[in-house]
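Student: give me the fold of what follows.
(one chain, ligands or ions: 1)
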Amino acid sequence: MKTIQDYLENGAIDIAPFLSLVLDKSSAELILNNNYQLTFDEKSCIDSLVLQREKGVPFAYLSGSRGFYHLDFKVTPDTLIPRPETELLIDIALELSNANKALKVLDLGTGSGIIAVTLKDKNPHWQVSATDFSNKALEVARSNATTQIEFLQGSWFEPVTNQSFDLIISNPPYIEENDAHLDDLSFEPICALTAGKDGLDDIRIIVDQAPEYLEKNGFLLLEHGHDQQDRIVELLKQKFNNIQTFKDYNSKDRAILAQCK
Ligand SMILES: C[S@@+](CC[C@H](N)C(=O)[O-])C[C@H]1O[C@@H](n2cnc3c(N)ncnc32)[C@H](O)[C@@H]1O
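Tutor: Residues are numbered from 1 along each chain as shown. Have a look, this model is predicted:
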């Protein structure tokens with residue numbers, strides 16, 4: 001039978017996360033118990049996970065979770081895997097000048113719920129709603145929520161007609177439909193990724209309709225592709241002011257905050 005040490009010494013793939021997952025041990029515990037012999041079932045489970053990983057399945061889908069900001073989130077192939085870039089939106093939202101007030105917040109295209117759940121956890125005095133057109137993603141988002149958040153199914157603003165918000169926040173699909181990098185993302189839901197020829201179809205809808213759902217001086221905060229910032233600023237100019245642009249932690253243009261006129 002193989003021991004932990006046999007696996008650690010002899011992996012083409014970084015094996016430690018798989019051992020941790022199957023044996024429910026931290027990296028330190030793996031090293032401390034490196035003579036432990038895996039049972040037949042544990043070995044079969046690891047071999048099957050490694051095989052799937054070698055075929056390209058992202059580790060987050062194999063483990064079923066991914067950390068974001070200060071929390072762990074359930075993820076499934078029905079949801080986008082949370083990206084570190086999106087933490088920028090959380091930082092910006094938490095720094096808003098009126099963040100200490102009881103803001104009414106809408107997260108559009110919530111996916112696994114990372115934005116809505118993180119904001120509500122950090123600011124329990126905010127009233128948070130979240131929409132997605134995928135029922136399966138919403139199921140995951142609901143399971144990730146530990147506090148009261150209203151999850152609603154429908155396309156963009158459809159489920160919140162007649163409501164208005166102090167902050168609308170979104171990480172919408174923004175990849176061009178012919179982008180070569182999509183091949184690397186083939187395990188994630190395509191409808192969470194692409195938005196027409198120039199990647200801006202969904203952002204155009206959100207920018208166009210958001211003013212109907214924002215209080216005067218309400219904020220719109222969007223994540224976007226690294227080469228889309230100038231075009232989104234142009235889209236915003238008509239109905240928004242105080243437009244601020246942000247770079248992510250890799251110094252790439254990544255987010256825009258604007259206030260409704
Ligand atoms: C880029 S993912 C972001 C998911 C999550 N907010 C995050 O940051 O990880 C975009 C999300 O928008 C949702 N979506 C796509 N088109 C939509 C539409 N027309 N109306 C509502 N949600 C939509 C997708 O299902 C997906 O969950």
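Student: burial count for Ser164?
Tutor: Ser164 has 15 neighbours, counted by other C-beta atoms under 10 Å. (C-beta placed from N, C-alpha, C; glycine too.)
Student: and it, how far from Leu106?
Tutor: Distance from Ser164 to Leu106, counting by C-beta to C-beta, to the nearest Å: 9 Å.
Student: intersection of neighbour lists for those two?
Tutor: Shared contacts of Ser164 and Leu106 (C-beta atoms under 8 Å, 6 or more residues apart in numbering): Tyr213.
Student: check which helices and strands the longest strand along the chain is in contact with.
Tutor: For the chain, the strand with the greatest residue count under DSSP state E is strand 214-223. On a contact count with 3 or more C-beta pairs under 8 Å, 6 or more residues apart in numbering; DSSP states H and E, strand 214-223 meets helix 87-94, strand 165-170, helix 201-213, strand 253-260.
Student: buried residues in the third one, which are they?
Tutor: Which is helix 201-213. For helix 201-213, a neighbour-count test (16 or more other C-beta atoms under 10 Å) marks Asp202, Ile203, Ile205, Ile206, Val207, Ala210, Pro211, Tyr213 as buried.
Student: what ranges do the helices span in the chain?
Tutor: 4-9, 16-23, 27-32, 40-54, 59-63, 87-94, 114-122, 135-144, 201-213, 229-236 (DSSP state H).
Student: including mean pLDDT and distance to Ile243, could those go into CSV?
Tutor: Converted to CSV, those look like this (pLDDT from 0 to 100; distance: least, C-beta to C-beta, whole Å):
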stretch, mean pLDDT, distance to Ile243
helix 4-9, 83, 51
helix 16-23, 93, 41
helix 27-32, 91, 44
helix 40-54, 93, 42
helix 59-63, 96, 34
helix 87-94, 98, 13
helix 114-122, 98, 20
helix 135-144, 98, 29
helix 201-213, 98, 11
helix 229-236, 97, 5
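Student: thinking again about what came up before, for the ligand, which of the helices and strands packed on strand 214-223 is the nearest?
Tutor: helix 201-213 (5.9 Å; C-beta to the nearest ligand atom).
Student: for the helices and strands packed on strand 214-223, which one sits closest to Asp183?
Tutor: Evaluated with C-beta to C-beta, those place helix 201-213 nearest to Asp183, the distance being 20.8 Å.
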